[in-house]
Every structure is written in structure tokens, then in C-alpha cells.
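S.K.: Coordinates only, no sequence provided:
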């Protein structure tokens, strides 16, 4: 028996050592590779870990986690290194994030039940390559046909692409799976009647925020909810400012002059406008709105963390 254990241990040690060497070499090459033009960056992965599936002696999950962590760090690094101050999270192609899909593809090949990877791909990949986002999620459904949440991810991608017919069909299919919540049926119906409405978007992102399995996905969903709030707030405030200009014949000199009227504004879901301790009208992230006396309107300031409005 001891001899048999030694026979199994030797190959295991060899494979473990080989993996460690490959990862170390990959890291060394990454740090010491020559500078290339932007068009040549991220051309390919230095290691296709999914080829180790079936040969990693049960370490597939660990390697999948490694690719998952790389995928999270990858987009974060791209954003940090980006020289543009204004990043449209609806379109990240300018960041040239060509390796995100390969990272997630490797992770989910090694661990087909890696739901956080599917969720992250569903939220971020549509801003890079919608078709790849669909492919990744459909791969998850094929490997886990009993998981209704994967249909939720796929329905979201179709909704994001304004393909409300496919979104309704996907949510409807997901709603038939055992354990699917009423939300799936509600979304199927909403896609058919008001797919592009803010109410639908709010319900979508609220559900995603509640169920997100990683911080980046939660942050993206929260930013989108802030975006919807800010759209409703600016529209309500600008309507009050327009009314004051029509009645007074001129625009108010500053936003504080309109605060008495703004304090009585009621927003959807019974929300009130946000006024901080200094008396400034602020957006959902706490940044004061920008007031333009020429147009007599408010808008988000350049330093607000809220993304560009949904189109």
C-alpha cells in the first residue's frame, strides 16, 4: 500500500511542480516582455489553463480561481492605466480588453459551475463583445441546464442589447425551471410591454445588486441604480427651474434660490431630492450637481462617479 501511495505521490508532485514553474515563468515573461504597440497588446494568453482539464489531479478549481482573479485584476488595471478621464462603462472597447473573455473562458472550462464568472461576464462583456457575452452564458446554461440564474444572466444581456423579444423568451424559459423566483416571470412580461423603461431597468439592476457574487458586479449594478436616480432627479429639478423662469421671466441666480420649491418635489418610489448639510443639491453619490444659469438646468459634474446616461 505504501508503495502504491509513493507511485501516486511522485506524479502528483511532478504535476504540481510543473504548474508552479509554468505560473512563475508566465509571471516572469509578463514582467519582462518588451514594450509593444497598442495594437499588439493582449494578443493571446501566455498559458491556456483549460488544456490542463483532466490532467491537473483535482486542481482544476484552484486554477479556475486563478483565472478568475486575473479577470478581475485585468479590467481594474485597464481602467487605472487609462489616460482618458471619461470612461463609458457601456462601451469599454477603447481599453482594448482582449483577454477578459479568454480568462473567463478558461475559468469556466476548468470549473463549469463557476457562477461568479458567468455573472461577471454577463455584466462586463456586453460592453466589450456582446456576442462573446452570449457565448459564455450559453456555455454555462449547457453545462448547468437546471440553474435558472444563468437564464437571468442571458436575459440581461439580450435586454442590454435591446433585443427585448429574445430577452422575454429567455426569461420565460428560465421561469419554468424548478425553484425560479417570480421575478423571472415578471421580467418576461416586462420585456414584452416595457422593455426599455426605467422601471424595468431599476428592477433589473436591483435584482443584480442583491444577487451579485463579486464586488465589481455589485458596484456596476449600484452605479446603474444611481444613474437612474440621477436621471429622475435632474428631470424633476429642471422642470421646477423651467417653471420658475417662466413665472419670473428669468432664471434663478443659483440653485439655492430654488431650494424652497425643490424641497417639496416628490420623486418615483417616494424618494426626496438629496440636499447635504451645507445646503447643496447633490447627486446619488453625494457630489453637488452642476448648475448652468445660461440654460437654467442642472447636470452631473465631471467628477461624479455616475456613468453616462443610458441611451
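M.R.: Looks like it came in fine. Keep in mind that this is a model prediction, so the values were computed, not measured. Residues are numbered from 1 along each chain as shown.

S.K.: ranges for the strands of the stretch 201-311 of the chain?
M.R.: 290-292, 297-299 (DSSP state E, counting those that start in this stretch).

S.K.: can you list the residues that contact the last one?
M.R.: Contacts made with strand 297-299 from outside it, assessed by Cβ atoms under 8 Å, 6 or more residues apart in numbering, are listed as 234, 237, 238, 241, 255, 281, 289, 290, 291, 292. Just so you know, the C-beta spots here come from the backbone N, C-alpha and C atoms, and that holds for glycine as well.

S.K.: That strand pairs with which strands?
M.R.: strand 290-292 (antiparallel) (DSSP bridges).

S.K.: could I get the strands of the stretch 201-311 of the chain as JSON lines with mean neighbour count and distance to residue 156?
M.R.: Output for the strands of the stretch 201-311 of the chain, formatted as JSON lines (neighbours: other Cβ atoms under 10 Å; distance: least, Cβ to Cβ, whole Å):
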{"stretch": "strand 290-292", "mean neighbour count": "16", "distance to residue 156": "32"}
{"stretch": "strand 297-299", "mean neighbour count": "19", "distance to residue 156": "28"}
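
S.K.: ok so, going back, can I get the contacts of strand 297-299 in a markdown table with pLDDT and distance to residue 146?
M.R.: Formatted as a markdown table, those follow (pLDDT from 0 to 100; distance: Cβ to Cβ, whole Å):
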| residue | pLDDT | distance to residue 146 |
| --- | --- | --- |
| 234 | 95 | 44 |
| 237 | 96 | 48 |
| 238 | 96 | 48 |
| 241 | 95 | 53 |
| 255 | 92 | 53 |
| 281 | 94 | 49 |
| 289 | 95 | 47 |
| 290 | 94 | 50 |
| 291 | 95 | 53 |
| 292 | 95 | 54 |
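
S.K.: taking those residues one by one, which sit in helices?
M.R.: Among those, the members found in helices (DSSP state H) are 234, 237, 238, 241.

S.K.: got the contact list for the second one?
M.R.: Residues in contact with residue 237 (Cβ under 8 Å, 6+ apart) are 255, 258, 262, 265, 273, 281, 289, 298.

S.K.: and residue 155, what is it in contact with?
M.R.: Contacts of residue 155 (Cβ under 8 Å, 6+ apart): 167, 170, 171, 174, 187, 191.

S.K.: Next one, pLDDT for it please.
M.R.: pLDDT, residue 155: 95.

S.K.: Work out for me the element it sits within.
M.R.: helix 148-160 (DSSP states H and E).

S.K.: Which helix or strand lies directly C-terminal to that helix?
M.R.: Tracing the chain past helix 148-160, the next element assigned as helix or strand by DSSP H and E is helix 164-175.

S.K.: helices or strands up against that next one?
M.R.: Secondary-structure packing of helix 164-175 (3 or more Cβ pairs under 8 Å, 6 or more residues apart in numbering; DSSP states H and E): helix 148-160, helix 182-194.

S.K.: and the first one, how far from the chain's centre?
M.R.: Which is helix 148-160. Distance, stretch centre to chain centre, for helix 148-160: 13 Å (Cα atoms, centre = their mean, to the nearest Å).

S.K.: Over to the last one?
M.R.: In terms of Cα atoms, centre = their mean, the centre of helix 182-194 is found 21 Å from the chain centre.

S.K.: List the buried residues for that helix?
M.R.: Neighbour-count burial for helix 182-194 flags 183, 184, 187, 188, 190, 191 (criterion: 16 or more other Cβ atoms under 10 Å).

S.K.: Just the buried positions in the strand or helix carrying residue 132, please.
M.R.: Counting by DSSP H and E, the element that carries residue 132 is helix 130-143. Within helix 130-143, the residues scored as buried using 16+ other Cβ under 10 Å are 132, 133, 134, 136, 137, 139, 140, 141, 143.
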